[in-house]
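**Student:** the amino acid sequence is not available; the structure is as follows:
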């Protein structure tokens, strides 16, 4: 097995991929998995997985939440050990008991939740674990030089002394990539890398990945977004419920085919939606300013209206004030100045309960932290915020029978599975938890519904359902204010789109606005129509346009 | 000059009183920086003090006493480590349990072995860490201001006092200049980052906890065989908790810890000095009020005057790999 010797040597010297040009090792897959199995208790997270990843390619792994993609990659990175199966890296059989081993054989990983120490500098994060001696100074100096080299080679510029907590997420991700490269990774695994990025940042990431591939690196891209798969990968493998459904060449497949492989049935990827019919004004926000404890303005002088019979979407990169705006309208936090009017009555000073009485319902962004008490059973979660209503009992006692009955009805109506009112909220899947919250709020028949991130961490089937219900509610003449970081969701549901950047609403666009136009506004470029005349940006836009049709359908089924 | 003399004497006694706090505070710093909350500093100190008292009394060697204190304290630290790192138990409960065990067991064993109401036998000076007089003490005493500062405050302490003050820069250096320190700080902030870098989170935390044990051993030995001549029941008297407060006050930083511990030591010294004296307007202050002063000030300082003190992010959270 002289071949093994050679490939092993490549893995170890860290820069060996450049010599991958020699004919023999080209044919050996960078990664070959045979019959990988992993159980958590009685549940199979991975069942009999086979996978081949060609050297020097970008290989996509796609599947719904809980399909087992992350578990599989964690096995490859030594975070978990497989219960059964074989792993070959560059043709050589390997056991990967811990991450140290994975790093040693040239595998690097960029985790979905960044594995960075927030109050460390970029340099400290990069050298952590590979300090090269018991004193830091030498390793840090070496890393500084190496970062400079990597920055020149791959357009990965970064201030090595900046603290992670001061960097935007796009740059934090860059640090993760640099960490992997610094450790000499030849095979780079990226777990849902674009979840936190703006469209422009995502495109930049893809350019970097393309460059890395051209330099001979192998890239595994885990995602549930079809657009990314089509845009960047050479090959794609689809997982469903812990099993590998199949692998196809990206050029020979279509979004529809992949979606069907992912879900196991035909999915309608477009939301069917008639024109809106806005009538009376239900919610009016005027000159609202929200300030945090440190005195920083998070929402700056925001004004808008929402009418009955329309969905108003607020687009923006996470952390630009949408969350605070939503919480201020819902009455969870107090605005410093400005006014909020519900159904013609000024409710700026009213608390959350009072606002509910006036016809407002709120589906919070974070269902674990604010939407549900995950340790409570479904039936108790179903009355949270409405527990003082007469129908749930008077005086000191709750009418448990009535609560149970109603929870059952709501669960059936919203197709929550399993429809068991006694089950703890924590034991439902993400999509079903979200349906619990939506059922609780939407079944109250509010005049205005605030919805934050309605489909975050929710699988395609449930997304389809949730979007349909929101449209139905609109058609029933209710007002809906939607906040989402998923631009496609905003674009397919909203009748009007407001874009927030740095606490301000930087513009309003009609339903048909294009992704790149909104994307530029989200990045704080005030008037994208003017920017269009800039040759560089135009080129950028033209390139994006080819993706446009895909984008339309990507990221989740919409009926 | 009378005021100056009082100040010198109070400061000198503050130095002595802040030493156990300093050891315990640094002990807590290592543990909490690694992500293990340690409310059991008190228990470890007490266990160490008892072991030092016993062994020094039996063998007549202060050094063996110190060694015994360190070993017992490490033992207790490992119990806490096993409960909170390996078993992922509640760290507060484990720490409280250690405090109770130490308090009960030292009194019980002390009575059973020496029958002196929980005290260990009075130690002769040869079995203690004695005060060291630094060179030139007598010759510089006459120099105004600086003389007394050198002769009375800096000189004339036991070896352990100087060790505690060396421990501060040493800890700073370990924390910020060594690989171990980098990993220690990382594991208390984001153990996931350490794990994915291929470093064992549990091993890092065990090492931190052992260092905590060693330093608590020093603190305990100081109490029973340097500051006093023998162990007495519950002689730590809440110093472990004050050290924890000092740690919060110091924002988990070694140099700040020196300031915080010295402040609490100084308050203690002032409290002792003011006992029984007449103050203008107030009159004679009850002893209890003076004794409560450091605690009251702790609450006041922690409540409002130090700004935001952010603990290591992962402290108190057992590490489990996420799915």
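**Tutor:** Done, it's in. A quick note: this is a predicted structure, and the numbers were derived from the prediction, not measured.

**Student:** what parts of chain B come near chain A?
**Tutor:** Counting by Cβ under 8 Å from any Cβ of the partner chain, chain B comes close to chain A at B:176-183, B:185-186, B:189-190, B:192-200, B:313, B:321, B:323. Bear in mind the C-beta positions are built from the backbone N, C-alpha and C, glycine included.

**Student:** narrow those to just the buried residues.
**Tutor:** Among those, those that count as buried by neighbour count (16 or more other Cβ atoms under 10 Å in any protein chain shown) are B:178-183, B:185-186, B:189-190, B:192-199.

**Student:** what sits against the residue most central in space within chain A?
**Tutor:** Nearest residue to the geometric centre of chain A (Cα atoms, centre = their mean): residue A:195, 3.3 Å. Going by Cβ atoms under 8 Å, 6 or more residues apart in numbering or on different chains, residue A:195 touches residue A:112.

**Student:** just the pLDDT for it.
**Tutor:** On pLDDT, residue A:195 comes in at 72.

**Student:** now it: phi and psi?
**Tutor:** phi -50, psi -30 (degrees, to the nearest 10).

**Student:** just residue A:418 next, same as before
**Tutor:** phi -70, psi 150.

**Student:** now do it against residue A:411, distance only.
**Tutor:** Noted for residue A:418: a distance of 9 Å to residue A:411, by Cβ to Cβ, to the nearest Å.

**Student:** and those two? Which one has more around it.
**Tutor:** The neighbour comparison of residue A:418 against residue A:411 (other Cβ atoms under 10 Å in any protein chain shown) goes to residue A:411, with 23 against 10.

**Student:** buried stuff in stretch A:141-151?
**Tutor:** Here stretch A:141-151 shows A:142, A:143, A:146, A:147, A:150 as buried, counting by 16+ other Cβ under 10 Å.

**Student:** so which strand or helix has the last one?
**Tutor:** Think residue A:150. helix A:136-154 (DSSP states H and E).

**Student:** any idea of the mean pLDDT for whichever helix or strand comes after that helix?
**Tutor:** The helix or strand immediately downstream of helix A:136-154 is helix A:169-182, counting by DSSP H and E. Average pLDDT, helix A:169-182: 91.

**Student:** after helix A:169-182, which helix or strand is next?
**Tutor:** strand A:187-191.

**Student:** so residue A:244 touches residue A:52, yeah?
**Tutor:** No: assessed by Cβ atoms under 8 Å, residue A:244 is found out of contact with residue A:52, at 10.7 Å.

**Student:** who's in contact with residue B:233?
**Tutor:** Listed by Cβ under 8 Å, 6+ apart, the contact partners of residue B:233 are B:106, B:107, B:110, B:117, B:118, B:119.

**Student:** does residue A:80 count as helix, strand or coil?
**Tutor:** coil (DSSP: H, G, I helix; E, B strand; the rest coil).

**Student:** ugh, typo on my part, it should be residue A:498
**Tutor:** strand.

**Student:** which strand residues bridge it?
**Tutor:** residue A:314, residue A:508 (DSSP bridges).

**Student:** show me where pLDDT drops low in the chain?
**Tutor:** Since no chain was named, I'll use chain A. A:1-26, A:267-270, A:526-559 (pLDDT under 70).

**Student:** let me rephrase: I mean chain B.
**Tutor:** B:1, B:294, B:304-307, B:322-323.
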